[in-house]
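Colleague: got a predicted structure plus its sequence, pasted below:
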Amino acid sequence: MGFLDRFVPKSSARPAPVRSPLPREEQPVVEPAVAPDAPVQLPTPETAVPAPLPASSGGSAPATPPAAIAGGVLTRLKDAREALALKDRARAMAIYEEVLAVAGDRADVLVTISGDLGAKGHTREIIEFIAPRYDAQRHGPATGINLLQAYLAIRDPESAQHVLDLLFALKRPELEQRLFGFSNVVADMMLLGPDGVAAAAVPAGDTPAGGAPDSQQVRKVELASISKPIWYYGLENVGGLLPTKGNKLRRVAFGQLAVLGLEDIEGMVKRPEEELGRLSRGIPLWLAETLFFSANWTAIAAVATVRREQYGLFTAEWTPENIRQLVETTEGGFDYVFTGALRQKHADYEMVLHLWEVKKFRVRKTFSVHWTPGTADRVLAEFYEQWRTFMELKACPADQGLAYSVPPGVRDYIEALGASLTLFLVEKQVLPPAQAVVPAELVARLGAGAAQSDFASLLALSLIARARRLALPGFETLPALATTPMVEQARQALSL
């Protein structure tokens, strides 16, 4: 059983949202719109936007007279769903206002509206329409869970706790496990700031780089998008490394993985480089670079930085709202987005990945992987083959670029991708020099297998070149490298 299963029990039917911002394997309309471990401030249920008033009470009259809707509520809800599918948000919202004016106390209406909105990532609208009307006793738990997940998605733990208390008060034994999962998420979220990303606090009396006291600073989280293999930057003049691809490609983004179950969040964030952080960034980089060598995909990896001072650390998976923001702020958008989470307990590691279909805002596929230090390379290679088959990757023509293959020491390769990213961002002044810390033993592990793989050799070369430019100690010698023309050209291009 995957570690996310304790938050959202499996449903008998279809996938839906995911946890820790992401939903899991249930479909909204009768279930959540966002995710159980979702963490992102909105009014509480008591102070949320009031329901529209009937015309006789002095409010705005519905666009369609109540009598005209009374016998066709379900038809109008279907019309609103179709408007959402066409991205006609204004029309959908107008229909919901009409329906709620005459049937706003019906449980089936509230659960349908909250589910349809959640399925399209409109979490704030769930709060606007549902919060003022929701009564747990009359409307039942399904709508309450949708509303709870909406508050989690916008990272408003106080309002989420209020709804959670209402759901616990129903005393429904079949919901207890799930509600306790939500309770844990709310507790974790209380430790974080409004952006839901852990960042080291500035000590009292200190002044951050911007000059204003920390109490006046808004913690700004930015996403750095990496659109090429991280080792390729600096090798642009080496011909034949990357394939030439057409324009009709499916587009996918890989979000930085959340790290769950942390006990010392502040301590972990303050450390410039550590294993789980490297893995949380390295795995998206690895999968994204794989797709760059596929003829039918193009991909980016997105990682978080905070105030250009340090990495952001997600302690909960991305929410549908996070995904929607990424899609809407990227030219051309994406067809799919991968999100996920890592957890380490002693020597055991678990990873869950969710593939989101953007058009329908639902989870198409979930991968769950478990490894130990002794099984990491084998398990990750097996996962890769399953993932590759599911994604239906098509090889590029043999005369166009390298043919992608997984390095034998894939676990070390992934972690080295994360370390190389750090040096790259320090060079670009996205991160400060203090973050440029690469463990010597990681470099040694990567170098030990570099001769067996063009890709491991290229990564080792680019990492060492960056470390030397940053005057880091311990990078004076090169490891044994693959003896291929591409690797030799790369070595010469980097003057190593």
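Modeller: Sure, I can see it.
Colleague: where does the protein dip in pLDDT?
Modeller: For the chain, the stretches flagged by pLDDT under 70 are 1-71, 188-220, 264-272.
Colleague: what's the closest non-adjacent residue to residue 125?
Modeller: residue 117 (5.1 Å; Cβ to Cβ, 6 or more residues apart in numbering). The way it works is simple: take the backbone N, C-alpha and C, and place the C-beta from them, glycine included.
Colleague: what's the following helix or strand after the helix or strand hosting the one you found?
Modeller: According to DSSP states H and E, residue 117 maps onto helix 107-119. Remark: after helix 107-119, the chain's next helix or strand is helix 123-130, criterion DSSP H and E.
Colleague: which elements pack onto the helix or strand just after that next one?
Modeller: The helix or strand immediately downstream of helix 123-130 is helix 136-139, counting by DSSP H and E. Contacts defined by 3 or more Cβ pairs under 8 Å, 6 or more residues apart in numbering; DSSP states H and E place helix 136-139 against helix 107-119.
Colleague: can you list the residue ranges for strands in this structure?
Modeller: 197-198, 221-226, 250-255, 258-260, 297-306, 310-311, 313-314, 336-345, 348-357, 362-371 (DSSP state E).
Colleague: so who does the closest residue to residue 348 other than its chain neighbours touch?
Modeller: Nearest non-adjacent residue to residue 348, counting by Cβ to Cβ, 6+ apart: residue 372, 5.9 Å away. Counting by Cβ atoms under 8 Å, 6 or more residues apart in numbering, residue 372 touches 347-349.
Colleague: nearest spatial neighbour of residue 282, chain-adjacent residues omitted?
Modeller: In space, residue 282 is closest to residue 418, 3.4 Å off (Cβ to Cβ, 6+ apart).
Colleague: distance-wise, check that neighbour relative to residue 293.
Modeller: Using Cβ to Cβ, to the nearest Å, residue 418 is found at 20 Å from residue 293.
Colleague: and these two? which has more neighbours close in?
Modeller: residue 418 (28 against 21; other Cβ atoms under 10 Å).
Colleague: in this structure the more buried one contacts residue 284, no?
Modeller: No - contact criterion Cβ atoms under 8 Å: residue 418 and residue 284 do not qualify, at 9.4 Å.
Colleague: ok, how many other residues are close to the residue nearest to residue 125?
Modeller: 30.
Colleague: likewise for the one 3 residues further on?
Modeller: Applying other Cβ under 10 Å, we find 22 other residues in the vicinity of residue 120.
Colleague: show me what counts as buried in the helix holding residue 117.
Modeller: 108-119 (16 or more other Cβ atoms under 10 Å).
Colleague: and these as a markdown table, adding distance to residue 136?
Modeller: Listed next are those as a markdown table, based on distance: Cβ to Cβ, whole Å:
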| residue | distance to residue 136 |
| --- | --- |
| 108 | 16 |
| 109 | 16 |
| 110 | 11 |
| 111 | 12 |
| 112 | 17 |
| 113 | 17 |
| 114 | 13 |
| 115 | 17 |
| 116 | 21 |
| 117 | 19 |
| 118 | 18 |
| 119 | 22 |
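Colleague: which single one of these is nearest to residue 89?
Modeller: Taking Cβ to Cβ as the measure, residue 89 lies nearest residue 117 of the buried residues of helix 107-119, at 10.0 Å.
Colleague: contacts only, for that closest one.
Modeller: 33, 84, 123, 125-126, 129.
Colleague: out of those residues, who's the most crowded?
Modeller: residue 33 (33 neighbours).
Colleague: from residue 163, how far off is residue 358?
Modeller: For residue 358 relative to residue 163 (Cβ to Cβ), the value is 27 Å.
Colleague: helices of the stretch 201-350 of the chain, start to end?
Modeller: With DSSP state H, counting those that start in this stretch as the criterion, the stretch 201-350 of the chain has helices at 265-270, 275-292, 320-328.
Colleague: of these, which stretch is the most buried?
Modeller: helix 275-292 (a mean of 23; mean count of other Cβ atoms under 10 Å).
Colleague: quick one: list the elements packing against that one.
Modeller: Looks like helix 275-292 contacts strand 250-255, strand 258-260, strand 297-306, strand 313-314, strand 336-345, helix 376-391, helix 410-427 (3+ Cβ pairs under 8 Å, 6+ apart).
Colleague: that'll do, ta.
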